[in-house]
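Enquirer: compute the structure for the input listed below.
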Amino acid sequence: MTVTIYFVRHGQSEDNLRSIWAGWKDAPLSALGLKQAAALGEAFANTPITAIFASDLKRAHSTALALHGGQPEDAKPPFTVTTGLREQHFGKAEGRPWDAAAKPEDLDVDNDIFPILTVRDEKFPEGESLNDLRERAARDVLDALLIPHIWKARGKDADETRLACVSHGLCISELCAAIVARAPDFHERLTFAGLYNTAWHCLRIGVKDETPGMATDDQMDVHAQLTIEVVKMNDSTHLDNITRNVQPEEESELREYLSGKAA
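Expert: Got it, this is the predicted structure:
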């Protein structure tokens, strides 16, 4: 059997309204972000969640709490906070302005020139590259948190496990790519990037060639090959009645980057 996993991006943060690098910089949700998170919780009120995993950064943690709060009072799921779901760390660029006109070779820490980097192994001083982020997401989230649930679902009669990972645009994009890398039969050409605030991807994930009765923890293969079924991508229908800002997030190059489009 498979596990249904929702990969949810946080609501709009106060830093989403500024042209600065904000990965580990810990800004809270904006007024609009709080409304988005509340709408998310209402949208999932009739969808039982087995477990919620959340980034510890305020914008994602608060969004996850809204999702958790929308679950029935007598069936609140376990709530796990993990640094594994944090956004990409931009190191010396954190909180600094981004330069739309600069090229990667123009990077100058002393003069506050922080261009968008275009190569996966590039990073700002003391920060993470996209490759580093994918490695962290695979190790600390996929292997440590998701695979145990996916493995335990083998042999069950029905799809009854639903997980939610509340994180950030780049981290979700890299985490989903890490999952796809474990699914050799998955050949769809799609991108997991470009998530709107509080939008979500939904995937059903299982273990390839699963065998009923082989579901004990001591038999778990962390690196087992997976199967993937795409249920929904970038679903934001819960935001239909919420007014966007005058400048929608997807219209900014930096904000597109932070939604995962860089990956």
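Enquirer: for stretch 167-180, what is the distance to the chain centroid?
Expert: 6 Å (Cα atoms, centre = their mean, to the nearest Å).
Enquirer: state the mean pLDDT of that stretch.
Expert: Taken as a whole, stretch 167-180 has a mean pLDDT of 97.
Enquirer: could we number from 46 for the rest of this?
Expert: All set: I'll call the first residue 46, so the last point we hit is now stretch 212-225.
Enquirer: can I get the CA coordinates of that stretch in PDB?
Expert: Listed in PDB are the C-alpha atoms of stretch 212-225, where the atom choice follows Å, rounded to 0.1, in the frame of the first residue of the first chain:
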ATOM      1  CA  SER A 212       8.200  23.600   4.900                       C
ATOM      2  CA  HIS A 213       9.500  26.100   2.400                       C
ATOM      3  CA  GLY A 214       9.600  26.400  -1.400                       C
ATOM      4  CA  LEU A 215      13.200  25.400  -2.000                       C
ATOM      5  CA  CYS A 216      13.200  22.700   0.600                       C
ATOM      6  CA  ILE A 217      10.000  21.100  -0.700                       C
ATOM      7  CA  SER A 218      11.300  21.200  -4.200                       C
ATOM      8  CA  GLU A 219      14.600  19.400  -3.200                       C
ATOM      9  CA  LEU A 220      12.800  16.900  -0.900                       C
ATOM     10  CA  CYS A 221      10.400  15.900  -3.700                       C
ATOM     11  CA  ALA A 222      13.400  15.600  -6.100                       C
ATOM     12  CA  ALA A 223      15.100  13.300  -3.600                       C
ATOM     13  CA  ILE A 224      12.000  11.100  -3.400                       C
ATOM     14  CA  VAL A 225      11.800  10.900  -7.200                       C
END
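Enquirer: can you tell me the closest non-neighbouring residue to Ala226?
Expert: The shortest distance from Ala226 to any residue that is not its chain neighbour, by Cβ to Cβ, 6 or more residues apart in numbering, is 8.0 Å, and that residue is Ala183. The C-beta positions use only the backbone N, C-alpha and C, and glycine is treated the same way.
Enquirer: right, and that neighbour touches Cys221 too?
Expert: No - between Ala183 and Cys221 there is no contact, the gap being 10.8 Å when judged by Cβ atoms under 8 Å.
Enquirer: of the two, who's got more company?
Expert: Comparing Ala183 with Cys221 by other Cβ atoms under 10 Å, the one with more neighbours is Cys221, at 27 against 21.
Enquirer: once you drop chain neighbours, what's closest to that one?
Expert: Sequence neighbours aside, Phe237 is the residue nearest to Cys221 in space, at 3.8 Å (criterion: Cβ to Cβ, 6+ apart).
Enquirer: list the residues that contact the one you found.
Expert: Contacts were defined as Cβ atoms under 8 Å, 6 or more residues apart in numbering; by that measure Phe237 touches 52, 217-218, 221-222, 246, 278, 305, 308.
Enquirer: of those, which belong to helices?
Expert: Residues from the contacts of Phe237 lying in helices, with DSSP state H as the criterion: 217-218, 221-222.
Enquirer: now do stretch 187-194: distance from first to last residue.
Expert: Distances were taken as Cα to Cα, to the nearest Å; on that basis the terminal residues of stretch 187-194 are 10 Å apart.
Enquirer: go on, stretch 99-106?
Expert: Stretch 99-106 has an end-to-end distance of 6 Å (Cα to Cα).
Enquirer: please report how far Arg300 lies from Gly239.
Expert: From Arg300 across to Gly239, the span is 10 Å (Cβ to Cβ, to the nearest Å).
Enquirer: mind listing the strands for the protein?
Expert: For the chain, the strands defined by DSSP state E occupy 47-54, 96-100, 124-127, 207-212, 245-252, 271-280.
Enquirer: name the residues that touch stretch 79-95?
Expert: Outside of stretch 79-95, the residues within contact range by Cβ under 8 Å, 6+ apart are 51, 53, 55-57, 74, 107-108, 110-117, 120, 122, 194, 205-209, 242-243, 282-284, 286-287.
Enquirer: closest to Ala146 out of the strands of the chain?
Expert: Closest approach to Ala146 among the strands of the chain is made by strand 47-54 (27.7 Å; Cβ to Cβ).
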